[in-house]
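> Starting from these lines, generate the structure:
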Amino acid sequence: MEDIRKALDAQNYKAPGFEFVERARTSGDGRYLFRPDEKAALEVKSVVESLLAGKGYKQNLQPIFLDPGRFPGAKAGRVEVWIPSL
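Numbers count the residues shown, from 1 in each chain. Modelled structure (predicted):
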């Protein structure tokens, strides 16, 4: 996962860390909460998919827009990448 963080940092995206979520329901996605962040979500998706493919993992990340009203304290400019167990 450190490789992903470094690849995102190289593209000027701050990736402060990773969190393992036990029993997370995802087949792979990039989640964002504000429409203006869609472009960043698609760029992050591309970076992560390319890095994983280079390691032999074919992973298609689905961009998912979430209603910011459901997440008090949500901030613009954030994208979460959810990757299933590889």
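> all strands for the protein, in order.
Using DSSP state E, the strands of the chain run over 29-32, 62-65, 79-82.
> Adding mean pLDDT, mean neighbour count and distance to L52, write those out as TSV.
Where C-beta positions appear, they are placed from N, C-alpha and C, glycine not excepted. What follows is these, written out as TSV (pLDDT from 0 to 100; neighbours: other CB atoms under 10 Å; distance: least, CB to CB, whole Å):
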stretch	mean pLDDT	mean neighbour count	distance to L52
strand 29-32	96	21	13
strand 62-65	96	14	14
strand 79-82	94	18	10
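> Any idea which of those gets closest to V21?
Checking those against V21 by CB to CB gives strand 79-82 as the closest, at 7.9 Å.
> Report the contact partners of the residue nearest to A76 when sequence neighbours are not counted.
Distances taken as CB to CB, 6 or more residues apart in numbering place F34 nearest to A76, at 4.4 Å, with adjacent residues excluded. Residues near F34 by CB atoms under 8 Å, 6 or more residues apart in numbering: P68, A74, A76, G77.
> quick one: which of these has the most company?
P68 (16 neighbours; other CB atoms under 10 Å).
> Thought L33 was touching that one, still the case?
Yes - counting by CB atoms under 8 Å, P68 touches L33, with 4.2 Å between them.
> which residues are in contact with both of those two?
Joint contacts of P68 and L33 (CB under 8 Å, 6+ apart) are A74.
> Can you name the residues that contact the spatially closest residue to W82 that is not a sequence neighbour?
With CB to CB, 6+ apart as the measure, T26 is the residue that lies nearest to W82, at 4.1 Å, once sequence neighbours are left out. With contact taken as CB under 8 Å, 6+ apart, T26 is in contact with W82, I83, P84.
> ok so, going back, pick the one among the contacts of F34 closest to A10.
G77 (18.3 Å).
> where does that closest one land on pLDDT?
The model reports G77 with a pLDDT of 93.
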